[in-house]
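Enquirer: With the sequence up front, the predicted model follows.
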Amino acid sequence: MLADVLAPIAAGYDLVFIDCPPESTILSDLALAAARWALMPTKSDIGGLVGMTLVAERFTLAREINPRLGLLGVVLFATGSRSRAIHSEALRAIDDAFGGQSPRFETAIRHAERTAQDARRLGKLAHELQIEVAAQPAWWEVLGQGVRTPRVSATAASVAGDYRALGVEVLKALQAAEDAERAGARGGAAASA
């Protein structure tokens with residue numbers, strides 16, 4: 001149903017992202033039935049990994065309705081940037097959820113609580129916050145003025161960098177997947193001729 005609604009406008013876009021909370025199975029099922037590729041973010045904690053496992057089960061069911069659905073990759077989200085052992089455990093859980101080796105992105109989006117709070121408070125994305133950080137005066141410049149204004153956390157630049165790196169990685173993975181699909185279609189057409 002969602003695919004039918006999107007079809008008339010889809011040709012006008014290179015990419016259409018549909019973001020669904022994992023606890024909403026109805027929205028997830030609609031999105032998976034309409035999608036060509038799935039990009040799955042997960043946290044490295046037990047709650048995130050359980051939620052990812054539930055979405056992986058929905059993904060498997062959705063392939064019965066939408067056989068073209070493919071997993072572009074899984075990305076660790078809101079995790080410690082230096083938590084190598086935790087990342088390794090999470091990556092094993094991701095592989096287990098998808099029945100073996102699964103496509104995973106190298107880039108992880110770091111956890112930065114203040115940046116997350118600033119984004120919600122100001123209604124801005126990480127790269128927009130990064131611009132605000134660059135424009136705000138240094139803390140010592142306003143210290144003597146006696147005015148306390150909320151400052152945007154400098155960690156916004158690191159989080160924005162993570163998103164940029166993930167964007168590049170996603171586009172490369174999408175290009176490789178599309179190229180492999182086209183090559184497979186050409187090979188299948190040649191074999192049937």
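Expert: That came through fine.

Enquirer: Apart from its neighbours in sequence, what residue is nearest the residue nearest in space to the middle of the chain?
Expert: In the chain, the residue lying closest to the centroid (C-alpha atoms, centre = their mean) is residue 41, at 4.7 Å. In space, and not counting its chain neighbours, residue 41 is closest to residue 77: 4.0 Å by C-beta to C-beta, 6 or more residues apart in numbering. C-beta: built from backbone N, CA, C; applies to glycine.

Enquirer: Same check on residue 1?
Expert: Nearest non-adjacent residue to residue 1 (C-beta to C-beta, 6+ apart): residue 30, at 6.8 Å.

Enquirer: any idea which element that neighbour lies in?
Expert: helix 25-34 (DSSP states H and E).

Enquirer: Measure how buried residue 8 is and give me the count.
Expert: 8 (other C-beta atoms under 10 Å).

Enquirer: Using the three-state scheme, assign it.
Expert: Put simply, residue 8 is helix when judged by DSSP: H, G, I helix; E, B strand; the rest coil.

Enquirer: any idea of the mean pLDDT in the longest helix seen in the chain?
Expert: The longest helix of the chain (DSSP state H) is helix 155-192. In this model, helix 155-192 has a mean pLDDT of 87.

Enquirer: got it, and stretch 131-144?
Expert: 81.

Enquirer: Next, residue 107: secondary structure please.
Expert: Quick answer, by three-state DSSP: residue 107 is coil.

Enquirer: Give the buried residues for the longest helix of the chain.
Expert: For helix 155-192, burial by neighbour count (16 or more other C-beta atoms under 10 Å) applies to 155, 156, 157, 159, 160, 162, 166, 170, 173, 174, 177.

Enquirer: quick one, what contacts the last one?
Expert: Looking back up the chat, that one is residue 177. By C-beta atoms under 8 Å, 6 or more residues apart in numbering, the contact list for residue 177 reads 37, 70, 72.

Enquirer: Redo the residues you listed as TSV? Include pLDDT and secondary structure.
Expert: Converted to TSV, the contacts of residue 177 look like this (pLDDT from 0 to 100; DSSP: H, G, I helix; E, B strand; the rest coil):
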residue	pLDDT	secondary structure
37	90	strand
70	89	strand
72	89	strand
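
Enquirer: Since that was my last question, I'll sign off now.
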